[in-house]
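K.L.:
Next comes the sequence, and after it the predicted model I'd like to discuss.
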Amino acid sequence: MKTNIKRRNFLRNSLLVTGGLLLVPNFISCKDDDIDELPIPDNLADKNFEQGVASFDPTNSQVIIWTRYSTQNTSATLVWQLAKDKNFKDVVRQAEVTTDASRDFTVAVEIKDLDAGQKLYYRFVSVDDKATSPVGETLTFSESISEVKLAVASCANFAYGYFNVYEEIKKSDADVVIHLGDYIYEYGENTYGSFRTPEPKGEIISLDDYRIRYRQYRSDEQLKELHRTKPFICVWDDHEVANDTYKDGAENHQENEGSFTSRKQSALKAYSEYLPNMTNLVDNSIIYRNLKIGSLIDLIMLDTRIVGRDKQLEYSAYYDEKGAFDATAFQQAWLNPQRTLLGTTQLGWLESELAASNSTWQIIGQQVLMGKMLVPAELLTLLATVVAEASATGGASEATFNQFKKTITELVTIKTRVLQNDPTLTAEEKARVQTVLPYNLDAWDGYFMERERILASFKSKNVVVLAGDTHNAWYSDLKDNSGEKVAVEVATSSVSSPGLETYLGASATELEGALGLLIDDLQYSNFSQRGYMKLTVTAAGIQTDWNFVDTVTNKTYSNSIGKTVTL
């Protein structure tokens, strides 16, 4: 079969790729492409597309298609085709695009003005090398869509195991994959996981480092197949740059590693090359956006990491030299109304998008837990000790573990008596369950006042918040400071990164039960399994399934549904 591209359209489009590269940072935007005069040969070989193909940010009228070409030449010119059939007999759009080493030979094409409600196929071809990519599958949403199935994933650490979760999503009937970040991890060999060896072997800092790591991930067959068959909607979390990233730094960035600004710029450039989206055409530091899925969903994707986040608070900063915790100073910092996670511009944008939304559902895709995880202070302190000892020596001491389990039992007993209005409870006993601290200051728990402002904007809407980051599964009611429920949050487990079972072993299940009682807003948690969420969205409700695999260290695995709720 031969297909063609009209020469005048190629010349017109080539003005956008002067010098062999797209003038915008990410990709070319194509609206008007004809189909004749530039032949594609029949005898194409499957070669040179080692990272496969992918598609991103589908709407009812556009989609982004992506590939990377392996060549020893200084540049590569590829033909892209979009068709209604996998044999490309009904090609609806096509054109040429040129790439080079300045964007690591990646290509991303934003194709606009497409018909709604289509199943589409795409490929890339090098006419010069007679090479073709795999055939990718993507879609546009119907304007009158009545049901959509969203797979939600996060936290894929190559070093910790296979991407069985990605394989399971590929087998599912999900229409699109929402990835909430930690798509890659920055650590070097044997630093955070040793089951598989990352490339490069050292911690990634430079632009070349980040590109090599992305190439390794995108060469993984399980991830590559998922990208080929389902479109992704992505945001980053911290590990796309470095652990616990904030606006001006990161926990895992040291002075001897050079400028953090340079590192961040390198990380974001590589991200934009491998995970393009509709908002970073001009500024690759911007990923927050609203993708409308018919009148059913406003899918509002946020950046809670890089564009506006103030540095995280740390409990250690509020202990004096004698080990006493300065609760007054901590509370003053914690309740500071100037502290921000989103930044002023993004916060205002979010409030405007919510106010203007007339969709049935407002689904917010973001990284960190928004639910109020207020844990008894003594339990939180013990949990931190268990994690620290396990991280340092491979396991907590017997004394620490015994105290941890004893404390859980005592606190659960006291909270049960509180709920039963037991009149024999002492003030000291009540204080043990009522003296609480935020579970994770890296999450929304560390940015209390801004969270209250956002919760206020949820009122009168049908908001469901998505979260990742923790490697554990959660389901929480979102209540404002008056106790009014304004939304719900569903949080996915990880693709391969370890959960609390790494530190707690069998006691992870005990902690699940305890926190379900001790944290008032928490409805469900799973600290022991890797997996993803599937949301089946209709106007009547959202069915959320927490799907799990039983192993990430063997490609032979079984899957199960651990929890189903209808929102």
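P.N.:
The structure has been received and is ready for your questions. The structure displayed is predicted, hence computed values, not measured ones.
K.L.:
Could you use CA atoms for every contact and neighbour count after this?
P.N.:
Noted.
K.L.:
Please enumerate residues in contact with stretch 555-567?
P.N.:
Applying Cα atoms under 8 Å, 6 or more residues apart in numbering, the external contacts of stretch 555-567 come out as 162, 164, 168, 541-551.
K.L.:
From those, list just the buried residues.
P.N.:
Those of these that meet the buried threshold are 162, 164, 168, 542, 544, 545, 546, 547, 548, 549, 550, 551, by 16 or more other Cα atoms under 10 Å.
K.L.:
Inside strands: which ones of the contacts of stretch 555-567?
P.N.:
Among the contacts of stretch 555-567, the members falling in strands (DSSP state E) are 542, 543, 544, 545, 546, 547, 548, 549.
K.L.:
give me the number of residues near the residue nearest to the second one when sequence neighbours are not counted?
P.N.:
Just to be clear, that refers to residue 543. Distances taken as Cα to Cα, 6 or more residues apart in numbering place residue 566 nearest to residue 543, at 4.3 Å, with adjacent residues excluded. Around residue 566 there are 12 other residues, counting by other Cα atoms under 10 Å.
K.L.:
before we move on, what about residue 506?
P.N.:
12.
K.L.:
can you check residue 243 too?
P.N.:
18.
K.L.:
repeat for residue 258
P.N.:
When neighbours are counted by other Cα under 10 Å, residue 258 registers 12.
K.L.:
can you check residue 72 too?
P.N.:
A count of nearby residues for residue 72, using other Cα under 10 Å, gives 8.
K.L.:
about what we covered before: between the buried ones among the contacts of stretch 555-567, which is nearest residue 209?
P.N.:
residue 162 (21.5 Å; Cα to Cα).
K.L.:
residues contacting the nearest residue to that closest one once chain neighbours are set aside?
P.N.:
Among residues not flanking residue 162 along the chain, residue 552 sits closest, at 5.0 Å (Cα to Cα, 6+ apart). Contacts for residue 552 (Cα under 8 Å, 6+ apart) come out as 160, 161, 162, 163, 164, 496, 530.
K.L.:
which residues does the third one contact?
P.N.:
When the contact criterion is Cα under 8 Å, 6+ apart, the partners of residue 162 are 496, 552, 553, 554, 555.
K.L.:
next one: the second one
P.N.:
Taking Cα under 8 Å, 6+ apart as the criterion, residue 161 is in contact with 195, 196, 496, 497, 552, 553.
K.L.:
So which of the contacts of residue 552 are in helices?
P.N.:
residue 164 (DSSP state H).
K.L.:
nearest to residue 107, of the contacts of residue 552?
P.N.:
For the contacts of residue 552, the nearest to residue 107 is residue 163 (24.7 Å; Cα to Cα).
K.L.:
gap between the closest one and residue 437?
P.N.:
35 Å (Cα to Cα, to the nearest Å).
K.L.:
And those two? Which one has more around it.
P.N.:
residue 163 (25 against 20).
K.L.:
excluding its backbone neighbours, what's nearest residue 46?
P.N.:
That would be residue 132: by Cα to Cα, 6+ apart, it lies 5.2 Å from residue 46.
K.L.:
Check what pLDDT the one you found gets.
P.N.:
Predicted confidence (pLDDT) for residue 132: 97.
K.L.:
How about residue 280?
P.N.:
63.
K.L.:
same question, the one 5 residues further on
P.N.:
Each residue has a pLDDT score; the one for residue 285 is 92.
K.L.:
give the contact list for it.
P.N.:
Counting by Cα under 8 Å, 6+ apart, the residues that residue 285 touches are 268, 306, 307.
K.L.:
could I get those residues as JSON lines with distance to residue 252, neighbour count and pLDDT?
P.N.:
Formatted as JSON lines, these follow (distance: Cα to Cα, whole Å; neighbours: other Cα atoms under 10 Å; pLDDT from 0 to 100):
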{"residue": "268", "distance to residue 252": "16", "neighbour count": "23", "pLDDT": "97"}
{"residue": "306", "distance to residue 252": "14", "neighbour count": "25", "pLDDT": "96"}
{"residue": "307", "distance to residue 252": "18", "neighbour count": "21", "pLDDT": "96"}
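K.L.:
nearest to residue 444, of those residues?
P.N.:
Looking across the contacts of residue 285 and measuring by Cα to Cα, the closest to residue 444 is residue 306, at 14.4 Å.
K.L.:
is it true that the closest one lies in a strand?
P.N.:
No - counting by DSSP: H, G, I helix; E, B strand; the rest coil, residue 306 falls outside a strand, being coil.
K.L.:
The residue nearest to it when sequence neighbours are not counted: neighbour count?
P.N.:
Using Cα to Cα, 6+ apart and skipping the chain neighbours, the partner closest in space to residue 306 is residue 247 (4.8 Å). Residue 247: 18 surrounding residues under other Cα under 10 Å.
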